[in-house]
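Chemist: Here is my input; please provide its structure:
(one chain, ligands or ions: 1)
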Amino acid sequence: MACPTDTIAASTRAVANGWTGAGYDHRHACRPAQVACCRSGCAAHPWPVNAWYVAATAAEVTDKPLARQITGRRMVFFRPESGGVVALEDFCPHRGAPLSLGFVRGDTIVCGYHGLALNCKGRPDNMPGQQVGKFPAARNFPVIERYGFVWVWPGDLEQASADKLHPLPWAESGEWAYGGGLFHIACDYRLMIDNLMDLTHETYVHASSIGQKEIDEAPVKTEVTPDEVVTSRTMDGVTAPPFWRMALRGRVCPKMPSSTGGRNAASACRAM
Ligand code: FES
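Modeler: Sure thing, here's the model as predicted:
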């Protein structure tokens, strides 16, 4: 059976068909009766769930099952034979073994405990010695692969939309260098957001690389919209700190007049 190339559409169809997996999507902490509270965030799951989350880099997802926990939900990711990326709850509908301990066979993921094979929508497909027609399905999560990442939507299927994916234009632009990696951070995720939104720490924590005193001196502009908070700081006519000087070496400064020819961008910027 071919897997859907558009998992969002497939998931939405599943809802339209009356299958939501609602009784099976919160094994980690909540009982089915609490599903409604979990989907909007409860004490056990304080994360916004109706949003796209980076689940993995594109290279991490292969035909070997990959286990990840996103917003407290255990998920398994894999690439079926027919292409795309599938995300299911990491819980076998038969006896609850993690599907991530199994293996991918064609367009199914096979549980490593008793061999139940689930298709890309999480529906039981076959199992040795068993009729699987009345087995419940594992929850299927909407997935998008873009900007070098696999994104997953842990919340309501009906609200999942590719339009809500936050744009990362620099990931696709030749004008930008772009990279990243996986870091384990032993703290509340909100402290990480705080760290990245308040860059006044650069002056002190990163004094020898990307910090400079002008960061303290330039006023910050903060814009709040229903979906975003953007902080920005403009520093004109300053010398770039060591890391940025190194990164700018040999690059053409956008403000550099053409008369400067091939002059080093860092020195040209300093002179402006
Ligand atoms: S627990 Fe998965 S097949 Fe039995």
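
Chemist: how about the residues of the stretch 1-150 of the chain near the ligand?
Modeler: Residues of the stretch 1-150 of the chain lying close to the ligand (CB under 6 Å from any ligand atom) are 92, 94-95, 97, 111, 113-116. No exception for glycine: its C-beta is placed from N, CA and C like everyone else's.

Chemist: how far out from the middle of the chain is stretch 83-94?
Modeler: Relative to its chain's centre, stretch 83-94 lies at 17 Å (CA atoms, centre = their mean, to the nearest Å).

Chemist: What residues of that stretch count as buried?
Modeler: Residues of stretch 83-94 classed as buried: 84-94 (neighbour count, 16 or more other CB atoms under 10 Å).

Chemist: Now, the residues of the stretch 1-150 of the chain next to the ligand that are in helices?
Modeler: Among these, no member is found in helices (DSSP state H).

Chemist: Include distance to residue 133 when you put the residues you listed into TSV, please.
Modeler: Formatted as TSV, these follow (distance: CB to CB, whole Å):
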residue	distance to residue 133
92	17
94	13
95	18
97	20
111	17
113	20
114	16
115	16
116	12
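
Chemist: Mind putting these into CSV with distance to residue 52 and pLDDT?
Modeler: Formatted as CSV, these follow (distance: CB to CB, whole Å; pLDDT from 0 to 100):
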residue, distance to residue 52, pLDDT
92, 26, 97
94, 30, 96
95, 32, 95
97, 28, 97
111, 28, 98
113, 31, 97
114, 34, 97
115, 33, 97
116, 29, 98
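
Chemist: Now for those residues: which two are most distant?
Modeler: 95 and 115 (11.5 Å; CB to CB).

Chemist: Spell out which parts of the stretch 151-272 of the chain neighbour the ligand.
Modeler: Counting by CB under 6 Å from any ligand atom, no residue of the stretch 151-272 of the chain is near the ligand.

Chemist: can you give me the helices for the stretch 151-272 of the chain?
Modeler: Secondary structure of the stretch 151-272 of the chain, counting by DSSP state H, counting those that start in this stretch: helices at 189-197, 202-205, 214-217, 242-248, 265-271.

Chemist: taking these together, which one is wrapped up most tightly?
Modeler: Mean neighbour count (mean count of other CB atoms under 10 Å) peaks for helix 265-271 among those, with a mean of 17.

Chemist: Could I get the average pLDDT for that helix?
Modeler: The average pLDDT for helix 265-271 rounds to 39.

Chemist: Below-threshold pLDDT in the stretch 151-272 of the chain: ranges please.
Modeler: Along the stretch 151-272 of the chain, segments meeting pLDDT under 70 span 250-272.

Chemist: how about the nearest residue to residue 111, chain neighbours excluded?
Modeler: Nearest-residue entry for residue 111: residue 92, 4.3 Å, with adjacent residues in sequence omitted and distances by CB to CB, 6 or more residues apart in numbering.

Chemist: Phi, psi for that neighbour please.
Modeler: phi -70, psi 130 (degrees, to the nearest 10).

Chemist: need the contact list for it.
Modeler: 98-99, 102, 111, 113, 116, 118, 138 (CB atoms under 8 Å, 6 or more residues apart in numbering).

Chemist: can I get those residues in TSV with neighbour count?
Modeler: TSV is the format used below for the contacts of residue 92 (neighbours: other CB atoms under 10 Å):
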residue	neighbour count
98	17
99	28
102	23
111	26
113	15
116	26
118	28
138	27
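
Chemist: Out of the residues you listed, which is nearest to residue 128?
Modeler: Closest to residue 128, out of all of the contacts of residue 92 and judged by CB to CB, is residue 116, at 8.7 Å.

Chemist: Enumerate every residue touching that closest one.
Modeler: If a contact means CB under 8 Å, 6+ apart, then residue 116 has 92-94, 110, 124, 126-127, 130, 132, 135 as its contacts.
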